[in-house]
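*Asks:* sequence and predicted structure, then a few things I'm wondering about:
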There are 4 protein chains.
Amino acid sequence: MSHNSFGHLFRVTTWGESHGPALGCVVDGCPPRLEISEAEIQTWMDKRKPGQSKYTTQRQEPDQVRILSGVMEENGKLLTTGTPISLMIENIDQRSKDYGEIKSRYRPGHADLTYDAKYGIRDYRGGGRSSARETAARVAAGAIARKVIPNIEIIGAMIQIGDLRIDPNVTWDQATINSNAFFCPDPNAVDQWAEYLDKIRKAGSSIGAVIEVRAKGVPAGLGAPIYAKLDQDICSNFMSINAVKGVEIGDGFKTAELTGEENADQIRIGKDGQPEFLSNHAGGILGGISSGQEIVARFVVKPTSSILTPRQSINSAGEEVDVMTKGRHDPCVGIRAVPIGEAMMALTLADHHLRHKAQCG
Amino acid sequence: MSHNSFGHLFRVTTWGESHGPALGCVVDGCPPRLEISEAEIQTWMDKRKPGQSKYTTQRQEPDQVRILSGVMEENGKLLTTGTPISLMIENIDQRSKDYGEIKSRYRPGHADLTYDAKYGIRDYRGGGRSSARETAARVAAGAIARKVIPNIEIIGAMIQIGDLRIDPNVTWDQATINSNAFFCPDPNAVDQWAEYLDKIRKAGSSIGAVIEVRAKGVPAGLGAPIYAKLDQDICSNFMSINAVKGVEIGDGFKTAELTGEENADQIRIGKDGQPEFLSNHAGGILGGISSGQEIVARFVVKPTSSILTPRQSINSAGEEVDVMTKGRHDPCVGIRAVPIGEAMMALTLADHHLRHKAQCG
Amino acid sequence: MSHNSFGHLFRVTTWGESHGPALGCVVDGCPPRLEISEAEIQTWMDKRKPGQSKYTTQRQEPDQVRILSGVMEENGKLLTTGTPISLMIENIDQRSKDYGEIKSRYRPGHADLTYDAKYGIRDYRGGGRSSARETAARVAAGAIARKVIPNIEIIGAMIQIGDLRIDPNVTWDQATINSNAFFCPDPNAVDQWAEYLDKIRKAGSSIGAVIEVRAKGVPAGLGAPIYAKLDQDICSNFMSINAVKGVEIGDGFKTAELTGEENADQIRIGKDGQPEFLSNHAGGILGGISSGQEIVARFVVKPTSSILTPRQSINSAGEEVDVMTKGRHDPCVGIRAVPIGEAMMALTLADHHLRHKAQCG
Amino acid sequence: MSHNSFGHLFRVTTWGESHGPALGCVVDGCPPRLEISEAEIQTWMDKRKPGQSKYTTQRQEPDQVRILSGVMEENGKLLTTGTPISLMIENIDQRSKDYGEIKSRYRPGHADLTYDAKYGIRDYRGGGRSSARETAARVAAGAIARKVIPNIEIIGAMIQIGDLRIDPNVTWDQATINSNAFFCPDPNAVDQWAEYLDKIRKAGSSIGAVIEVRAKGVPAGLGAPIYAKLDQDICSNFMSINAVKGVEIGDGFKTAELTGEENADQIRIGKDGQPEFLSNHAGGILGGISSGQEIVARFVVKPTSSILTPRQSINSAGEEVDVMTKGRHDPCVGIRAVPIGEAMMALTLADHHLRHKAQCG
């Protein structure tokens, strides 16, 4: 069962709420003798951390990771031991008072109503378990996953915000992506995006976005034909991220309009004697199994429903009320979804790497 | 692990290849005392069966289901006993000779190359495990799943073929959908679609499609906040269907362009005292949990790569070759994907129904 | 979940009842390119088959295995392809009439009452799902598991029947074990056992037994510290066999009476430079992980409750009745439990072999 | 997969080593709105806590539990919310220096050698992951499990230490069991046991023990026929406890010597109109499913291998050495195994309660 776990051989179980004392995860099945450190995990955490620009929530959280188990020092290095790795991040800047008045009011577009319908109780403070803070644990786990697949390069970017898209032909460059507040790979789009999002932010509104994650260096053979398709697990793991409403691989929804001649990537023998594909409509995966091409996946993040405009809703007593969110929030949660998407890609590939090794290694 | 299984409490394990003696599945965890029959399962099988119009493969398979275990007769009715239900469908019309020449040629867009890369062997006859025949087992299992959730109405339709879309405002009607060869809910689109697909078919080409599946009567509360989100599992299960390259819930990829004000569905109290949503951008799921609204999900099916036009590829010896598919194939696999999508929706909901009952029932 | 499955990476799902048309299993996760054949599986089936001596049930079942999927012929050999292997055994000699009168009578010591309490329905014919026929599927799957761990030699034997025990110092020899109807490794015990069981059989009674299974050639490192201990999984899998009421590893229950000095196996360096243990109280497993020593495990099988003596019981209407079993049964189910125990050992080791390879290989 | 998790619907994942900063667990799938508190969990922790008599290790650990997630206050009560419950216990009294010299020496009977063989690294301080400290997390989780099955009374006791057994006919009484240092239900045995164990302790030796756990009030119907047998899961969970070498249900290994007439529990209709068994050889479970009778299960704990007598062994360099343990240890780990066994019984029953509710509720 997987209420709060994912992955099979590299398995992550997360726990924690937005306004509890801490949140974290347990990483189980990690190979032994991988070198990890809190400092290195922290570099990934910092990429996701809130409050780094005016375009993300102003909640101040250091998001300091502690490794509580599963490691042993040897010659000054911290090595994994093969036992479960427990990672904990304390919550510092909770400000519970911000959320008091939505205790019984169901914010439209949020999970307030459905949590109450399911459980008859919920931690209403800051979104509780549904808060994007949960994703901090994924990024921490993802930092360890990268150690399992050291030769795979994962790079994510925001490619669309509202109806503004990047130039699809722009070459991705990590330095460019990191140099702006939007993880945008298209330097020509940044100013326009900034202006656009400023307007959204000042209006107390929010907007959706599309994130693309690419993985280079994935060997052919990861995945399985049915029910453990690599693309299925990438999509499933992306869908588990808060606010995601859709996922696609390669040409995705565009393939509806393609013919078989247009869609199927033709193959030649490359200079190195290896298969060389003439295109990558498939996004690097055929029949659920990686082909050796770059993996290309995308997900869409809806606009956060935490906005300043009053909205019609009901409360837990069944009365009609208006709801307006006053807390600190992201005008575009897509920005911080970039490092989260990268982490989920790393975690999916690490798991499938181990699965492939088990059956066919 | 789930190489060939899905679902947790209502769990399905499928087996079989296109040209083996049979294929089937084991349904585990089914509640006892549900009335089922081979005849009733067959009605669903017949909806998916190939060879029913000129728009699907001409392979002739009766797709006759046999129930091998998990049932007991009582007063003339066949009832589930709570033990595993084994379902088997024999393959009749294999014609293995059709496939001999692609034994060592990797068809572009197919899983031939990736299977060989992973396993070092594959059943090349008719696509082997990757054949759409595997989905017959899903439809059979789906027929049993419907018994677990008898008050939920599931209806699927093809809403786009190539660049032809249905009128989004058309009201769906099961009789209309069943009355044409495309499971198209828009009677005004049928003739145009027929003409379009005829052209594709005669050219030995193929085209993609988008399928939408709706579920009415889903009670609020199914799903879970994280990693067991109802929308995540719907998407994951859709992604496990052959040729699917993308999935979305509610407004899906359109939410990238929506503001928080546009996207969040406002709530009022309906005449029956129950929550009434003023729109359904969310597709019936908030925070991973069903809201009581209609669930709306979509998936895109790429064009089959089995086409008559010769394509550049390589063979297993690493030589460059041309590949042309001669077997019997579907010009648009999206048509037969409709009953498969419905089955996957039923299976996902049955599983989550049991999961919800376990924790919160 | 695992209602009817076991193993994680080498995963077996069984289905079928005693008097249904067939029974079988799906083996998932098997490595590709292992050579298997129906004939070879059959040699293991024949060891478990009923009706081979007067000491086992006289039901005549050929127990013919069919491989329905997951294999491909290559150069005259049948090789696994890495996809699920479906194995089916048809039931031939059902004689349902034998069981009619126990339809509503709960046989003491059987699962009749508990099935009805749980499911409200049961297949009463021949024990239904609880019949020892289910174990045929395990033996078939075990034959494939052995291919995954070709260098491990597994040997089982009956070491106690009633209060008759073998000489604990006797050397085990496969030829001796196979040469008698009891899988007894002590040639001096066979005549006495035969006389003893003849008496039991003629009285229409039954008796319990203890089976020991040894595995030689298990490399150090299989298993995991907690919750995936190799001994835990061996015990769990043994406990899943019908009629088993206890399991132990190494010295087992005798360790209650040992001191730390007596129990801990001391270690020296052997001639080959490898660790050499001076004793094997541990049964080859330390901290849940194999040590390289021979693995020694035991399970006890209760006497079957199918006996000719009338017993006090109740029926499904809540009335007090007498029950006497007339069907064909085993006076000592421990005999046929030997090949089943071997199969479960093979399956457990194959699964842990793959698990170890995944994490540490 | 379950390297460090157990249970399916009430699922526990534990983490932590003996000498790390902390240890703990995540409890997933807990039903919502159960009242829990750190104070109440603590009462169970205190029962297992070391250093409570001269017969257990003198390590001083307060074993203070913190609830980090999954709960919400409502009207002064702490209620579960249905989200994962993270429990943490900080390690206080580590004294790592005690263990320095066994860093590279493999203690006979311990997992030192096998950990190194598997992982190539281990946390040698205090047994690392293999330390009995891990069981603190189980006891904490068990306290929550009891809330899921409030009407079931679980009572454990030590029934054998060395070759000293309790009178099997003694009536169990919780007050008596709690009144002595051995959780011994037989008041006449206590003095003799004290004298016996004193001798063991003063000699720096250790001894094994047998623990019995009973569960009263278990409704008929928990469990499943095969691979999810209630007795299988009880045994598996007991086997996961450190140092356990065998498990049995009801009459266990004694059933080898029983005839079918002696073993099968006859049934009558009781005064309340319910089935009444005339004996309980089965230990409350028939065909893997609870019968409504008291569940009776037993496990044996080997003597700890941490003893003062020097023992022959090898070190990680492959040299022959002598090993003597100087740390603080339990002369009979069976004592503290009693509350652990109770916790594992509670956890198993809570999981099966939810599983039964899902399929048949």
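*Replies:* Done, it's in. Numbering: from 1, shown residues only, chains lettered A, B, ... in the order given.

*Asks:* distance check, A:Gly156 against A:Arg133.
*Replies:* Taking CB to CB, to the nearest Å as the measure, A:Gly156 falls 19 Å from A:Arg133. All C-beta spots, glycine's among them, are computed from the backbone N, C-alpha and C.

*Asks:* wait, I meant A:Val218
*Replies:* 30 Å.

*Asks:* how many residues are close by the residue nearest to A:Phe277 when sequence neighbours are not counted?
*Replies:* Closest residue in space to A:Phe277, ignoring its immediate chain neighbours: A:Asp265 at 4.5 Å, by CB to CB, 6 or more residues apart in numbering or on different chains. Look at A:Asp265: counted by other CB atoms under 10 Å in any protein chain shown, it has 22 neighbours.

*Asks:* try A:Gln192
*Replies:* 13.

*Asks:* and it, its phi and psi?
*Replies:* The phi/psi pair for A:Gln192 (degrees, to the nearest 10) reads phi -60, psi -40.

*Asks:* can you pull the contacts of it?
*Replies:* A:Leu164 (CB atoms under 8 Å, 6 or more residues apart in numbering or on different chains).

*Asks:* redo that, cut-off 10 Å
*Replies:* Applying CB atoms under 10 Å, 6 or more residues apart in numbering or on different chains to A:Gln192 gives the contacts A:Ile161, A:Leu164, A:Cys184, A:Asp186.

*Asks:* mind checking the SS state of the residue nearest to A:Phe277?
*Replies:* With DSSP: H, G, I helix; E, B strand; the rest coil as the basis, A:Asp265 sits in coil.

*Asks:* how much space separates it from D:Ile177?
*Replies:* Taking CB to CB as the criterion, A:Asp265 is separated from D:Ile177 by 70 Å.

*Asks:* what ranges in chain A fall below the confidence cut-off?
*Replies:* Where chain A drops to pLDDT under 70, the residues are A:50-51, A:58-59, A:94-100, A:327-328.

*Asks:* longest helix anywhere in it?
*Replies:* helix A:334-360 (DSSP state H).

*Asks:* need the nearest residue in space to the closest residue to chain C within the stretch 201-350 of chain A, chain neighbours excluded.
*Replies:* Across the stretch 201-350 of chain A, no residue is closer to chain C than A:Pro225, which sits at 6.5 Å (CB to the nearest CB). Take A:Pro225 and drop its neighbours on the chain: the residue closest to it by CB to CB, 6+ apart is B:Arg129, 4.8 Å away.

*Asks:* distance of the closest residue to A:Gly128 other than its chain neighbours from B:Asn178?
*Replies:* Using CB to CB, 6+ apart and skipping the chain neighbours, the partner closest in space to A:Gly128 is A:Glu17 (4.6 Å). Applying CB to CB, the value for A:Glu17 to B:Asn178 is 47 Å.

*Asks:* now the closest residue to A:Asp112 other than its chain neighbours: how far from A:Asn315?
*Replies:* Leaving out its chain neighbours, the residue that sits closest to A:Asp112 by CB to CB, 6+ apart is A:Tyr106, at 4.2 Å. Look at A:Tyr106 and A:Asn315: by CB to CB, they are 7 Å apart.

*Asks:* surely A:Gly29 meets A:Pro84?
*Replies:* Yes: the pair A:Gly29 and A:Pro84 qualifies as a contact (CB atoms under 10 Å) at a distance of 8.4 Å.

*Asks:* A:Ala141 reaches A:Leu347, doesn't it?
*Replies:* Yes: A:Ala141 lies in contact with A:Leu347 (CB under 10 Å); the separation is 6.1 Å.

*Asks:* show me where the stretch 151-300 of chain A has its strands.
*Replies:* Along the stretch 151-300 of chain A, the segments classed as strands by DSSP state E, counting those that start in this stretch run A:153-161, A:164-165, A:209-216, A:244-249, A:267-269, A:275-277, A:285-286, A:289-290, A:295-301.

*Asks:* how about the fourth one, does it reach chain B?
*Replies:* So the one you mean is strand A:244-249. Yes: residues of strand A:244-249 contacting chain B under CB under 10 Å from any CB of the partner chain: A:Val244, A:Lys245, A:Gly246, A:Val247, A:Glu248, A:Ile249.
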